[in-house]
Structure formats: C-alpha cells, structure tokens
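Student: no letters, just coordinates:
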C-alpha cells in the first residue's frame, strides 16, 4: 500500500494592481501544495502537486489546522485503491471526516487542493496525463485538445481602454479566439466603450463575453441588458448576486442573452439549488463552478451527476479559472470550455502560457500528471516545496 | 477616535467523547479572541472578548491570514462611530474588504468572532450589558429574561439511555424546562426508546425536541415522522440535509410537526433562499441560524430584515449554540429562545452554567458587555489572552 509520508504547503502572493466590480487583488494569495508518498518514480519519491485557483485567497490555515493532519494521521488502508495506489475518492472521505454538512466556503478550497494534488499523483503513478486518468474513470471520450477562452479586462487606473485593447491584440497574436472582459466597475457608458473597443478588434469567428462579478442590482442589470441588446456577446456573467436564485430566474426570463454563473457556488448542494431554483436555460447558459475551489474532482463529479439528473449536458460547463488543473478537468471530463488568464505574464497566467494554442484550441501536454513540471511558473510556485 | 491596538487569538480544545448523527467531537476546537484598544476602562485598556460557537472548529488560521491584519491595518476613522467609540457595522465592512460574494463557510465564523468581540467592547464602553446595547440599536422592547432550552442527548458508547436520563434529571434540577436530544445516530427503535425515556421524566409544561443533524434520507425521514406521530414533541430539527430546500418543502407539506433548521446556513443569502424555497411555516417552524458563525450581529440583523420581508416574526428564531453571546442576542434582538448545553460541566456548558434559571427562564447578568468575566469558564478560555 502506498503511504502519504509528508504534505507541504506554502502561501504564494498573487498581488496585482487590478480590480473587478467586486474586489481588488492587491493582497490576493494562493496556496501551493505538495503531497509526498513512499511510492517511487524515476528514483525519487512519487509526489502530487496542486496550486490554488484564484480569487478566494490561499488555504494554508485550514490545511494546517484540519485537513493535512487528518490525511497524515490516516492509516494507508483508508485511502488505498486496492491496486498499490491511492484512491482520491477514499482520501476525500478521510479529509472530510467530522465535517458537518453545509457551510461551503473556504474549506472547499482547502480540500480541493488535496484532491488536485492526489489526482496529479495518481496520473503520474499511471504514467499518463491527468486528462486521460479522468476520462478513463468517467468513461467519456476525450482528447488533449480543449476550447479555451482568455479572461481579463480588469479595470486600470490609467489608460484603461488602450491597455485593454493591447491585451486583446496580444492574446489574438498568441492564438486566442474567445475573450471575456469585466463590466460593472465603471459607469455603463464607459463599459459600453470598452466592449465596443474590443468588438472592433475581434476577427471573424472570435467572441466576447462580459463579467459583472455579481454586483448589479436588479435595476442596473436591466439597464445593462437593454444597452447590450444588439451586441453579439457570447454571454453575460454574474450580473447579479450568485446566491439570489430568484433574480437569476427573473433575468433569464427577460433576456435571450446567455447567462453564465456558478463560480461563487462551491458544492453539489449549492449547484443543485442553482439548477432547481435559478431558472437557467440548459440550451444556452454556462455553469462555471470552480473545480479546485469546490472540493476538487471528487465533488465536481457529484455536480456533473446532479446536472445530468436535471437535464443538463456537461458541455455547458466552463469551470472558473483553475489553470492547468482545470484544463485537464475540461479535457478529461468532457466539459465545454476552459478559462485562462489573458495576462500571461502574471504568475497565474504563466502556468498555462506554454500551452500550444491555435484558433482558440489548446493542446494539453503528454507529460504525466497535471504537467506543472514543464510549465513556465513551476519553479516560482513549487520550488520551495520540493528539494 | 478609539484605535484597535492589538488582536489576540488562541485555539481552545473542546475534545469530547460524544457523537451526533453527523460527526464526532473528538478533535473539536474553538477560537477565543481578544481585541484591545487605546480606550481606557477602570484604568486598563478597553478590550472586547469573543468565543466561538461550537461544531465548526476554531477560526485561527483565517483570522491570522486575512481578518485580523485588515482590522489592524485600517485607519481608526474607518471604524469610528463618530462619538469616540467603535462602530461594529463599519468595522465589519473593513474586515470584509476584498472578499467576494458567496462561499459562506468558515470565513463567516472568523468574521463573527471579530463582530462578537467588538459588540462586547461597545457594550463595555457604554457600561451596560450587551443585550441593552443591541435592544437600543434595534428599537425592540427587551429584558434580561430569556427562554432557554437545554441541548444534549449525544450518543454514548455505554449506558446510553440511563446516562441520558441522568442528564435530563440533573438539568431539571437546575431549573430547565425545555430539552433537545439527538436522533439518527441509532436505529429508529433505539431512538424511540430514548425519546420515550425522556418524555417519561418530564414534568408538566416541560417540552422535548429532537435533532437529526441533517443526515436523514427522504425515506428515513418519513419513517421517523410516522413513528413520532402522537409524541408531543416541540420540534424535529434538521431531519434532512440543510441545503436541500425542496426536501424541506416536501416534509413541511406532509407533517404538522414543527421543523427547526438553519444552523448550517451562515448568511443572509442562504437564509433568504431557505425562506424562499424551503416551504417552512411561519406559524410554527424555528430558524436556528448561529449568530457568531454567521458573520455576527451585523449580518444577523440582515437576516432579521430578510425574515420580516418574507413575513416571519423574529420570535421564530432560536439561534444555534453561541453561549452567553447568543443569549444576549436573544434578549437584545427580541428572539424566541436561546440554546445552552445540557452538560454544564463541559467547557462550553460552563460558560452559561452560572446564569440564574427558574422554570426554563434565565436572567442575564447586569455586568457590562457579554459578561464573560464573571462566567465559570472565563479563566480557562481567556486567561492566556489577557495581560
């Protein structure tokens, strides 16, 4: 039986001088995690690596207080896969021991990191890229090629529109075809100018979505929906509060524009309520639950089960952020679309910056696991955790 | 302007060899918090104290990572009440800076501790018990006398029913009239034997409620509701998953037995969805949102506003746990019922063990603030944080 021998974590500063309509990112952090085992690979201990998704801060405190100690205290028989490896589903039950139902914030990100590191480890143990591991377990037909969109357009204090246009042009030059920019952090007229400036740049077949980060009132939402009529947008994301399901229902009934939401719901329980009560349309709307912030692949599969039960195709899923790990989730679970940072010079953006990209389609590497080891941000994120 | 000069926290072990239907409490922890200011009281710095509610572990990691640093970094003008004191509502906005919407778990408990400590501090600054401070701000008529219920009946490995009966008899001897015991951690027949054993002990006017801790399937719930017909129970608490609003609606439509729920929803957003979608009955059901685990008084008032908007009387509120702090909330906000631990020898139970109690009605002390300083567990909880 493979035994987990050590779990190391560190908090990485992601400070960026940008804002969306909801928060500033000046003090943003993320956690990097390394799970080490007594398994061997290429003459060294087999390890699994994970890095946080973005926007909810690092999870070091919770990892140290509850989740890492439970994992290290567990007898290996409790997470054994019966075949000499580790079963992330069984390990998930170990780390969630003595955790009550509900309260799906923060802890879901800590557990999601452990889940992500274990999937990296399992895929390495099987000597295959993570997407293959996930696809085989799920029985979906999958390939290394995934549709990507480039997310950015945060507000800047100076030269906002020209800098935004430069960002989009640079991303087009790198092979991107789909874009998303922020709305709601400026007056409507300014937002319309930003949107029109980007639409002017886009070539044939390219698309633009907009993201309100959940901060609009009902009235302001109506204003935006009215103003956006006639603009060929791929979707409007989180115009209103992520947990106001009734207001989602109202908006969905009023406008044909596709809605996208879900990045601030972190569990099967909350996803189920959104689908039951939010009035979303399975023919057009997008579900953006963040895989690693939502307890990881183990819980995300429960979300996919819930979606199927409620008549939703998993191709409607476009997970929030999540870098390489989420990209493997999109490929291996048969989801619709992966999100990457438009700014590929930020630490977060550099994780996926090396992916070959043509016409908005990226190809995941053949390297075993998640493939962090070959990504341009590897040393900056994981260097101090390895040795 | 009063300045917050230091914030100290420590994690307290609450380990207890008990279980409910959901989790064991062997590794349970809680956080104690002390906020110190440059205000003076009786020749010493004015401090505010808070102690966690129970069941969700301590919040030290999150407090240290995000919420204490924000409070200490803020200019005092950001939390000044305009009158030489601190305004907990403004301080709440400070600590929630750059926090996204949704994700109401863990962080709500960390913020709730800061809120609770600041209310303790404000009441001390005004030289009055906390319930008076809350009542004046809310414009409710209030008194120091509150209806209490004694909560216990966790499962034991040996002598379960006799020990349960001893607990209830001892509580009756101390002045308790209302009781709640666990269900669902044993087969139905065993649970019925526990319930009947307690009902046999109760005198005239005394009541018993039962608590499933959210673990029942639909079928098991139906079995219990059927078996409980004819038993004069005050309520059945969390028979089903706290976030399955549709299932609450189904059960509420099937049985006249009062339902109680809400202790595993930690925000106005989640409370609103429960009231909108859960089919609960404003004439009988109980809402048990935990004040300090739900971002504290500041957010709890938003919950009360939401209840009023949806036609609910705040007397339907019986906050989960929360010891002396929640008891002041019940008195000062005009809520229906406070919960205390039946076992008044545990650390948690000792916090409220000193309250004068007759016929199920307790009287809060006149001491300024929450009154921790005079409670039997004071030194054990706060000793290391002071001086």
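Tutor: Nice, I can see it. The model shown is predicted, which means the values in this text are computed figures rather than measured ones. Numbering: from 1, shown residues only, chains lettered A, B, ... in the order given.
Student: SS state for the residue in chain A positioned nearest to chain B?
Tutor: Closest residue of chain A to chain B, Cβ to the nearest Cβ: residue A:61 (1.7 Å). (Glycine included, C-beta is placed from N, CA and C.) Of the three states, residue A:61 takes helix under DSSP: H, G, I helix; E, B strand; the rest coil.
Student: ok, and the closest non-adjacent residue to it?
Tutor: Excluding its sequence neighbours, the residue lying closest to residue A:61 (Cβ to Cβ, 6 or more residues apart in numbering or on different chains) is residue B:61, at 1.7 Å.
Student: just give the number of residues close to that neighbour.
Tutor: 24 (other Cβ atoms under 10 Å in any protein chain shown).
Student: ok, residue A:219 next?
Tutor: Residue A:219 has 8 nearby residues by other Cβ under 10 Å.
Student: tell me how far whichever strand or helix holds residue A:71 lies from the chain's centre.
Tutor: Here residue A:71 sits within helix A:68-73, counting by DSSP states H and E. Helix A:68-73 sits 26 Å away from the centroid of its parent chain (Cα atoms, centre = their mean, to the nearest Å).
Student: strands of the stretch 151-300 of chain A, start to end?
Tutor: Ranges of strands in the stretch 151-300 of chain A, per DSSP state E, counting those that start in this stretch, are A:178-182, A:207-211, A:233-237, A:259-261, A:286-287.
Student: between the third one and strand A:178-182, how many degrees?
Tutor: Regarding strand A:233-237 and strand A:178-182, their directions subtend 40 degrees when assessed with axes from the mean of the first three to the mean of the last three Cα atoms, to 10 degrees.
Student: which strands or helices does strand A:233-237 pack on?
Tutor: strand A:178-182, strand A:207-211, helix A:218-228, strand A:259-261 (3 or more Cβ pairs under 8 Å, 6 or more residues apart in numbering or on different chains; DSSP states H and E).
Student: give the partner strands of it in its sheet and their orientations.
Tutor: Take DSSP bridges as the rule and strand A:233-237 pairs in its sheet with strand A:207-211 (parallel), strand A:259-261 (parallel).
Student: can you lay out those as TSV showing distance to residue A:97 and mean neighbour count?
Tutor: Formatted as TSV, the strands paired with strand A:233-237 follow (distance: least, Cβ to Cβ, whole Å; neighbours: other Cβ atoms under 10 Å in any protein chain shown):
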stretch	distance to residue A:97	mean neighbour count
strand A:207-211	37	22
strand A:259-261	32	25
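Student: and those strands as TSV, adding mean pLDDT?
Tutor: Listed next are the strands paired with strand A:233-237 as TSV, based on pLDDT from 0 to 100:
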stretch	mean pLDDT
strand A:207-211	98
strand A:259-261	98
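Student: now those strands as JSON lines including distance to residue B:244?
Tutor: Shown next, in JSON lines, are the strands paired with strand A:233-237 (distance: least, Cβ to Cβ, whole Å):
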{"stretch": "strand A:207-211", "distance to residue B:244": "30"}
{"stretch": "strand A:259-261", "distance to residue B:244": "20"}
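Student: from the chain's centre, how far out does the longest helix that chain A contains sit?
Tutor: Longest among the helix segments of chain A by residue count, using DSSP state H, is helix A:107-125. Relative to the centre of its chain, helix A:107-125 is centred 14 Å away, using Cα atoms, centre = their mean.
Student: for that helix, the averaged confidence score.
Tutor: For helix A:107-125, the mean pLDDT works out to 98.
Student: low-confidence ranges, chain A, go.
Tutor: A:17-18, A:387 (pLDDT under 70).
Student: sorry, back to before: touching, the residue of chain A closest to chain B and residue B:67? I think so.
Tutor: No: with contact defined as Cβ atoms under 8 Å, residue A:61 does not count as touching residue B:67 (10.8 Å).
Student: need the contact list for residue A:205.
Tutor: A:177, A:359 (Cβ atoms under 8 Å, 6 or more residues apart in numbering or on different chains).
Student: mind listing what residue A:138 touches?
Tutor: A:301, A:332, A:333, A:334.
Student: in the strand ranked longest in chain A, what's buried?
Tutor: Scanning chain A for the longest strand, with DSSP state E as the assignment, gives strand A:29-41. Along strand A:29-41, these residues count as buried under the neighbour rule (16 or more other Cβ atoms under 10 Å in any protein chain shown): A:29, A:30, A:31, A:32, A:33, A:34, A:35, A:36, A:37, A:39.
Student: on that earlier part again, now distance to residue A:72 too, for the helices and strands packed on strand A:233-237, in JSON lines please.
Tutor: Output for the helices and strands packed on strand A:233-237, formatted as JSON lines (distance: least, Cβ to Cβ, whole Å):
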{"stretch": "strand A:178-182", "distance to residue A:72": "40"}
{"stretch": "strand A:207-211", "distance to residue A:72": "39"}
{"stretch": "helix A:218-228", "distance to residue A:72": "47"}
{"stretch": "strand A:259-261", "distance to residue A:72": "37"}
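Student: I figured residue A:169 hits residue A:201, correct?
Tutor: Yes: if you go by Cβ under 8 Å, residue A:169 and residue A:201 touch, sitting 6.1 Å apart.
Student: what about these two, which has more around it?
Tutor: Each of residue A:169 and residue A:201 has its neighbours counted (other Cβ under 10 Å); residue A:201 has more, 16 against 11.
Student: OK, contacts around the more buried one?
Tutor: Residue A:201 makes contact with A:165, A:168, A:169, A:172, according to Cβ under 8 Å, 6+ apart.
Student: if we go to 10 Å?
Tutor: By Cβ atoms under 10 Å, 6 or more residues apart in numbering or on different chains, the contact list for residue A:201 reads A:164, A:165, A:166, A:168, A:169, A:171, A:172, A:179, A:208.
Student: now do residue A:295
Tutor: The contact partners of residue A:295, by Cβ under 10 Å, 6+ apart, come to A:92, A:95-96, A:104, A:107-115, A:266-268, A:302-303.
Student: could you rerun that using 8 Å?
Tutor: A:92, A:108, A:111, A:112, A:115, A:266, A:267.
Student: among these, which pair sits farthest apart?
Tutor: A:92 and A:266 (14.5 Å; Cβ to Cβ).
Student: buried stuff in the helix or strand containing residue A:132?
Tutor: Residue A:132 is located in helix A:130-138, with elements delineated by DSSP H and E. Buried residues in helix A:130-138, defined by neighbour count with 16+ other Cβ under 10 Å: A:130, A:131, A:132, A:133, A:134, A:135, A:137, A:138.
Student: now the angle from it to helix A:107-125?
Tutor: Using the same axes, to 10 degrees: helix A:130-138 against helix A:107-125 is 100 degrees.
Student: are any of the contacts of residue A:295 buried, and which?
Tutor: A:92, A:108, A:111, A:112, A:115, A:266, A:267.
Student: okay, now the domains of chain A?
Tutor: The record assigns chain A these domain ranges, following automatic domain parsing: A:4-127, A:136-384.
Student: those: which one's closest to residue B:183?
Tutor: Here domain A:4-127 is closest among the domains of chain A (Cβ to Cβ), at 15.8 Å.
Student: quick check, residue A:6 in a helix?
Tutor: No: using three-state DSSP, the assignment for residue A:6 is strand, not a helix.
Student: isn't it up against residue A:33?
Tutor: No: the pair residue A:6 / residue A:33 is not scored as a contact, 11.2 Å apart, by Cβ under 8 Å.
Student: show me what stretch A:155-170 is in contact with.
Tutor: A:17-20, A:152-153, A:179, A:181-182, A:185-186, A:193-194, A:197-198, A:201-202, A:342-343.
Student: switch to 10 Å and redo it
Tutor: A:17-21, A:24, A:150, A:152-154, A:176, A:179, A:181-186, A:190-191, A:193-202, A:206, A:208, A:342-345.
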